[in-house]
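**Q** only the shape, not the letters, is given here:
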């Protein structure tokens, strides 16, 4: 009797796992898959820039609807630009403003927004010899520095213009100054000090002129190099702490191989999509990438979802009982 109950339990479990509607409609259970993989940092400023948009926000009198945020990965120095759109043209205009003062970064990290996947943006990166890295769709932690700053920007701007929401753009430049002159634990100093070796001069900071007069070029350079070395050690320390904390409640990712058939998690929800299946598929794995990421291609032309996209292991499920002759049946 015990053996029969055990067989019946296993049979039910196998049946549920192989049920396609259940596969697409239910969320993954248990520990989430995939460990935290921090982006390697160079020990120099302006090597890597994280770039992203916030919005749409309340439209202003000057027709600003968005904020373009640019963050230096090493110093955490942040530039905030009000923009009227998220087009590649306006995005590139802002990057060229930085280019005039700081030159080009070695690499830019973005999501797959239309501003960053356009031909104009691709051509710009190729012409300026900038490596462009796009994060996997639905995995915002790949551009986590921007995500954290965005939470701060939204919260502060909301409080500053609570009585007049459309006036948010007036506070952007002041907010940028405060962000860059505030101590940050991850670098153990302020972004401005780490980038240019001195404190940002504010109205209430009357000691900055005296500080500059006391220092000569040699002392300035020595202090700056020491700040950078200390910041590098602090970044690695915080990354290791974050990695241990994040991975404690995770398990190793399932490994897939080329040709595996999978379902991928739906990453976009809008009006009328709340009750749609949580997963899309079937998709075929066409490329294996670093850090448990995969490129996948839609198998049936009439199924819902993008034709080719990328996903991560923790947002994928194996597709049960899929055979090659299914391709032939679909073509017929």
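**A** Looks like it arrived, so ask away. Just so we're clear, the structure is a prediction, and the values are computed from it rather than from any experiment.
**Q** would you list the phi and psi of residue 154?
**A** In terms of degrees, to the nearest 10, the main-chain angles of residue 154 are phi -60, psi -40.
**Q** this protein: strands as residue ranges?
**A** Under the criterion DSSP state E, strands of the chain are mapped to 32-33, 48-54, 66-72, 78-83, 107-110, 131-134, 250-251, 261-265, 279-288, 293-298, 308-312, 316-318.
**Q** dump those to a markdown table, plus mean neighbour count and mean pLDDT.
**A** Bear in mind the C-beta positions are built from the backbone N, C-alpha and C, glycine included. A markdown table is the format used below for the strands of the chain (neighbours: other CB atoms under 10 Å; pLDDT from 0 to 100):
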| stretch | mean neighbour count | mean pLDDT |
| --- | --- | --- |
| strand 32-33 | 15 | 63 |
| strand 48-54 | 23 | 93 |
| strand 66-72 | 22 | 94 |
| strand 78-83 | 21 | 94 |
| strand 107-110 | 21 | 92 |
| strand 131-134 | 14 | 91 |
| strand 250-251 | 14 | 79 |
| strand 261-265 | 22 | 92 |
| strand 279-288 | 20 | 92 |
| strand 293-298 | 20 | 94 |
| strand 308-312 | 19 | 92 |
| strand 316-318 | 19 | 91 |
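**Q** of those strands, give the one that comes closest to residue 116.
**A** strand 107-110 (4.0 Å; CB to CB).
**Q** re earlier: to residue 224, which of the strands of the chain lies closest?
**A** Comparing those by CB to CB, strand 66-72 comes nearest, at 14.6 Å.
**Q** that closest one vs strand 78-83, what angle?
**A** 160 degrees (axes from the mean of the first three to the mean of the last three CA atoms, to 10 degrees).
**Q** please compute how far strand 66-72 lies from its chain's middle.
**A** Offset of strand 66-72 from its chain centre (CA atoms, centre = their mean, to the nearest Å): 12 Å.
**Q** ok, now stretch 61-72?
**A** Relative to its chain's centre, stretch 61-72 lies at 17 Å (CA atoms, centre = their mean).
**Q** likewise stretch 97-109?
**A** 19 Å.
**Q** ok, now stretch 161-180?
**A** Using CA atoms, centre = their mean, the offset of stretch 161-180 from its chain centre is 23 Å.
**Q** do stretch 64-84 as well
**A** 14 Å.
**Q** so can I have JSON lines of the strands of the chain showing distance to residue 227?
**A** Shown next, in JSON lines, are the strands of the chain (distance: least, CB to CB, whole Å):
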{"stretch": "strand 32-33", "distance to residue 227": "37"}
{"stretch": "strand 48-54", "distance to residue 227": "18"}
{"stretch": "strand 66-72", "distance to residue 227": "14"}
{"stretch": "strand 78-83", "distance to residue 227": "18"}
{"stretch": "strand 107-110", "distance to residue 227": "23"}
{"stretch": "strand 131-134", "distance to residue 227": "26"}
{"stretch": "strand 250-251", "distance to residue 227": "34"}
{"stretch": "strand 261-265", "distance to residue 227": "42"}
{"stretch": "strand 279-288", "distance to residue 227": "40"}
{"stretch": "strand 293-298", "distance to residue 227": "34"}
{"stretch": "strand 308-312", "distance to residue 227": "35"}
{"stretch": "strand 316-318", "distance to residue 227": "43"}
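**Q** to residue 197, which of those strands lies closest?
**A** When the strands of the chain are compared by CB to CB, strand 66-72 sits nearest residue 197, at 14.3 Å.
**Q** between that closest one and strand 48-54, how big is the angle?
**A** Counting by the same axes, to 10 degrees, strand 66-72 lies at 160 degrees to strand 48-54.
**Q** ok, strand 66-72: who's next to it in the sheet?
**A** strand 48-54 (antiparallel), strand 78-83 (antiparallel) (DSSP bridges).
**Q** make TSV out of those strands and add distance to residue 104.
**A** What follows is these, written out as TSV (distance: least, CB to CB, whole Å):
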stretch	distance to residue 104
strand 48-54	9
strand 78-83	15
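**Q** of all these, which lies closest to residue 285?
**A** Closest approach to residue 285 among the strands paired with strand 66-72 (CB to CB): strand 48-54, 27.7 Å.
**Q** show me what contacts residue 186?
**A** By CB atoms under 8 Å, 6 or more residues apart in numbering, the residues touching residue 186 are 76, 234, 235, 238.
**Q** and the strands paired with strand 66-72: which comes nearest residue 305?
**A** strand 48-54 (24.0 Å).
**Q** what sits up against that closest one?
**A** By CB under 8 Å, 6+ apart, strand 48-54 touches 39, 41-42, 66-74, 83, 86, 91, 95, 98, 105-111, 113, 115-116, 143, 145-147, 150, 153-154.
**Q** residue 158 and residue 250, how far apart?
**A** The spacing between residue 158 and residue 250, counted by CB to CB, to the nearest Å, is 33 Å.
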